[in-house]
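Participant: sequence and predicted structure, then a few things I'm wondering about:
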Amino acid sequence: MSGSGSSFEQALSSAGTGRFQRRLLGIFGLVWAADAMQVLAVGFTAAAIAASFDLTVPEALQTGTALFLGMMVGAFVFGRLADRIGRRPVLIAGVLIDAVFGIASAFAPDFAWLLALRFLTGIGVGGTLPVDYAMMAEFLPAERRGRWLVALEGFWAVGTVAVALLALLAANVGGVDPWRTIFLVIALPGLIGLVLRLGLPESPLFLFRQGRVDEAQAVLDRVASVNGRRPRALALDRGTVSAIPAKLPVSALFSAELRRRSVPLLLVWLLVSVSYYGVFVWLPVKLAAGGLGFVRGHLFLVMVALAQLPGYALAAYGVERWGRKPTLIGFLILSALGCFLFALGTSGALVTGATLLMSFALLGTWGALYAFTPEVFPTPLRSTGMGSAGAMARIGALLAPSLLAPAMAAGFGTALGAFAGLLALAAVLVSLVDVETRRVALA
């Protein structure tokens, strides 16, 4: 990675990091928070959906399965498209699908329609996430990139707090099914995000790698102008366009050059996702059934979301101070240790402490993972790599309940030990990745 595109990196640094990137962070963060609300709304809407359509709660939870299936498809397909036709058109298409079908979900006439609409919403949600990160990374110089990417992941906590408060409000509003209110409101930020994204330029690094040097220069001039810098203070050198082909097949992810980073990282995404959804979506159901219903309460979820913020802050510091791999490994080990706190007992105090620690550690893990992953792939495969990672995460979400059920049947401690083992294995896999990307120019 080092040495390729150094002229682009110098030109990007000369354009500055400031108002333009803050605006980009706000636009992407708005939709990122909305997407968090779409995912977490699964737990808040299930009971109301069951009541509306005369279903059991487990049947109503199929809306979550449909959403995750859509996200899996959207992540891979849209990630691939972004590497083929560009970041900007895919950014706009993804958030359009997200918003339109998210709003339509609120008006579903029956459960079959609702499942179809949640699947289509999931395609939009899954499609926005990998492309947002690829594009955000490509507007940031190496020395600033890590902390900004973690900051974008931090909007997940904003969405968590917002959906908990919205669910609490919707439950107290009469005359309308609460789930319809929730689905309608959480889709509205997508519409705002769609309008804002129309004004965004294409990624200059994508343009540069495509050989469209004049267009890349125009975008960098715009970035410099918005940041209060002199445009073209350091112009792009046409002779430094990378030798990497403008387009690469998906199979290149597993080439001799890339498989030592792609294979371990994709497995890490799978393992972290299984653990995250197991601990924060399916485990609370079991705890609530055992008499600890407060873990599914709206205000408790707000506490859990607030515990994420220092995790993100430490991840933002760590990825720049210690590096991506050490920070990620540290958070994974802390997450594994947090699982053992649950195993010490099921008193209210222990469950509360363990949940808050896991929220801090696992969301710090996600922050470091989202910062690291787009950096390890070359530009023609960046969105494809992120999309593949996102698809693995959705597979993990779908696998979590089926893996948790036999583990819980064997005992509460067995289940937590299994999650701790998965997180420890993820830490080992991170250590096997053959590159560290702190302060390294994107290829």
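Facilitator: Nice, I can see it.

Participant: in this structure L267 contacts L429, no?
Facilitator: Yes - L267 lies in contact with L429 (C-beta atoms under 8 Å); the separation is 5.4 Å. For every residue, glycine as well, the C-beta is placed using N, CA and C.

Participant: any idea how far the residue most central in space within the chain lies from L40?
Facilitator: Residue closest to the average C-alpha location in the chain (C-alpha atoms, centre = their mean): L129, at 5.7 Å. Remark: distance between L129 and L40 (C-beta to C-beta, to the nearest Å) = 14 Å.

Participant: and what of R87?
Facilitator: Distance, R87 to L40, by C-beta to C-beta: 26 Å.

Participant: how far out from the middle of the chain is the helix or strand containing A397?
Facilitator: If you go by DSSP states H and E, A397 is part of helix 382-410. On the basis of C-alpha atoms, centre = their mean, to the nearest Å, helix 382-410 sits 13 Å off its chain's mean C-alpha point.

Participant: re the thing from before, next up, the contacts around the closest residue to the residue nearest to the centre of the chain other than its chain neighbours.
Facilitator: Ranked by C-beta to C-beta, 6 or more residues apart in numbering and with sequence neighbours excluded, the top spatial neighbour of L129 is G390, at 5.5 Å. Shown in contact with G390 (C-beta atoms under 8 Å, 6 or more residues apart in numbering): M71, M72, A75, F76, G79, G126, L129, P130, W269.

Participant: quick one, which of L267 and L429 is more surrounded?
Facilitator: Neighbours per residue (other C-beta atoms under 10 Å) separate L267 from L429, with L429 holding more: 20 against 16.

Participant: quick one: that one from V73, how far?
Facilitator: Taking C-beta to C-beta, one finds L429 at 25 Å from V73.

Participant: which helix runs longest in the protein?
Facilitator: helix 19-53 (DSSP state H).

Participant: between helix 382-410 and that helix, find me the angle.
Facilitator: Calculated by axes from the mean of the first three to the mean of the last three C-alpha atoms, to 10 degrees, helix 19-53 forms an angle of 40 degrees with helix 382-410.

Participant: in the stretch 251-400 of the chain, where is pLDDT below threshold?
Facilitator: 281-296, 298, 343, 345-346 (pLDDT under 70).

Participant: again, only using 80
Facilitator: Residue ranges of the stretch 251-400 of the chain with pLDDT under 80: 278-301, 342-348, 400.

Participant: between R87 and L40, who's got more neighbours?
Facilitator: Comparing R87 with L40 by other C-beta under 10 Å, the one with more neighbours is R87, at 26 against 23.

Participant: which pLDDT value goes with that one?
Facilitator: pLDDT, R87: 96.

Participant: does it touch A137 like I think?
Facilitator: No - using C-beta under 8 Å, R87 makes no contact with A137, being 10.4 Å away.

Participant: quick one: the one helix or strand A82 maps to to helix 382-410, angle?
Facilitator: Following DSSP H and E, one finds A82 within helix 62-85. Between helix 62-85 and helix 382-410, the angle formed by their directions is 160 degrees, by the same axes, to 10 degrees.

Participant: then helix 62-85 to PDB, C-alphas only?
Facilitator: Only the C-alpha atoms of helix 62-85 are listed here, as PDB (Å, rounded to 0.1, in the frame of the first residue of the first chain):
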ATOM      1  CA  GLN A  62     -39.300 -12.700  11.100                       C
ATOM      2  CA  THR A  63     -39.300  -9.000  10.100                       C
ATOM      3  CA  GLY A  64     -35.800  -8.900  11.500                       C
ATOM      4  CA  THR A  65     -34.800 -12.000   9.500                       C
ATOM      5  CA  ALA A  66     -36.200 -10.300   6.300                       C
ATOM      6  CA  LEU A  67     -34.300  -7.100   7.100                       C
ATOM      7  CA  PHE A  68     -31.000  -8.900   7.700                       C
ATOM      8  CA  LEU A  69     -31.400 -11.000   4.500                       C
ATOM      9  CA  GLY A  70     -31.900  -7.800   2.600                       C
ATOM     10  CA  MET A  71     -28.900  -6.200   4.200                       C
ATOM     11  CA  MET A  72     -26.700  -9.200   3.300                       C
ATOM     12  CA  VAL A  73     -27.800  -8.900  -0.400                       C
ATOM     13  CA  GLY A  74     -27.500  -5.100  -0.400                       C
ATOM     14  CA  ALA A  75     -24.100  -5.000   1.200                       C
ATOM     15  CA  PHE A  76     -22.500  -7.300  -1.400                       C
ATOM     16  CA  VAL A  77     -24.300  -6.100  -4.500                       C
ATOM     17  CA  PHE A  78     -24.000  -2.400  -3.800                       C
ATOM     18  CA  GLY A  79     -20.400  -2.700  -2.600                       C
ATOM     19  CA  ARG A  80     -19.600  -4.400  -5.900                       C
ATOM     20  CA  LEU A  81     -21.500  -1.800  -7.900                       C
ATOM     21  CA  ALA A  82     -19.600   1.100  -6.200                       C
ATOM     22  CA  ASP A  83     -16.300  -0.300  -7.400                       C
ATOM     23  CA  ARG A  84     -17.700  -0.700 -10.900                       C
ATOM     24  CA  ILE A  85     -19.600   2.500 -11.600                       C
END
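
Participant: which other helices and strands does that helix contact?
Facilitator: Using 3 or more C-beta pairs under 8 Å, 6 or more residues apart in numbering; DSSP states H and E, the elements in contact with helix 62-85 are helix 19-53, helix 87-105, helix 111-138, helix 382-410.

Participant: got the buried residues for the first one?
Facilitator: Judged by neighbour count using 16 or more other C-beta atoms under 10 Å, the buried positions of helix 19-53 are 20-21, 24-25, 27-46, 48-50, 52.

Participant: how far out from the middle of the chain is that helix?
Facilitator: 11 Å.

Participant: after that helix, which helix or strand is next?
Facilitator: Assigned by DSSP H and E, the successor of helix 19-53 is helix 57-60.

Participant: nice, that's everything, thank you.
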